[in-house]
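# Coordinates for the following, if possible.
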Amino acid sequence: MTEMSSRDRVNILGKEFMQIIEVQKGLLVEIKTVSEELEEKSSSLKTTTRNQAKIGLTKTEELQQLLKQTAKLSEKSRITPTAEEAAKLRGFIAVAALLCENTVLEFAEMRNALRDYEEMQA
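Below is the predicted model:
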């Protein structure tokens, strides 16, 4: 029973992680949009900001695809993790979620900085 609940917990954490990734992706799309608007107003920031947003968005989409593939493989897997393995996996997911949260916050700060810059240029 513990193994099943551990597996369920890992699935729940995986879903929460995917939700964080979706938020991050949305922020990257917004950053890309703001970057494109700034491109029209400022040639000095044009290349760097737009390319960083594109790279970030591409990397996020790649990560999301890998996570989906991992989830599919996990569902097909007949291997049940031990309690220790499940605990380690939960730990890894928690750390990854914190890293994603920090990244989301950094993207939000970047978006705000870009908006501030855009307002100064107006």
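# Run through the chain and note the low-pLDDT ranges.
Scanning the chain for pLDDT under 70 picks out the ranges 1-4, 41-50, 73, 76-79.
# Centre-most residue in it?
In the chain, the residue lying closest to the centroid (C-alpha atoms, centre = their mean) is I21, at 3.2 Å.
# Could I get the full set of helices for this structure?
Secondary structure of the chain by DSSP state H: the helices cover 2-41, 43-76, 83-121.
# now the last one against helix 43-76, angle please.
Helix 83-121 and helix 43-76 are oriented at 160 degrees to each other (axes from the mean of the first three to the mean of the last three C-alpha atoms, to 10 degrees).
# Could you tell me how far helix 83-121 lies from the centre of the chain?
7 Å (C-alpha atoms, centre = their mean, to the nearest Å).
# Ok, stretch 113-122 next?
Relative to its chain's centre, stretch 113-122 lies at 25 Å (C-alpha atoms, centre = their mean).
# could I have that stretch exported to PDB, CA atoms only?
Taking C-alpha atoms only, stretch 113-122 is exported to PDB below (Å, rounded to 0.1, in the frame of the first residue of the first chain):
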ATOM      1  CA  ALA A 113      12.400  45.300 -16.100                       C
ATOM      2  CA  LEU A 114      11.500  45.100 -19.800                       C
ATOM      3  CA  ARG A 115       8.200  46.900 -19.100                       C
ATOM      4  CA  ASP A 116       9.900  49.500 -17.000                       C
ATOM      5  CA  TYR A 117      12.400  50.100 -19.900                       C
ATOM      6  CA  GLU A 118       9.500  50.300 -22.300                       C
ATOM      7  CA  GLU A 119       7.800  52.900 -20.200                       C
ATOM      8  CA  MET A 120      11.000  54.900 -20.000                       C
ATOM      9  CA  GLN A 121      11.300  54.800 -23.800                       C
ATOM     10  CA  ALA A 122       7.700  56.000 -24.300                       C
END
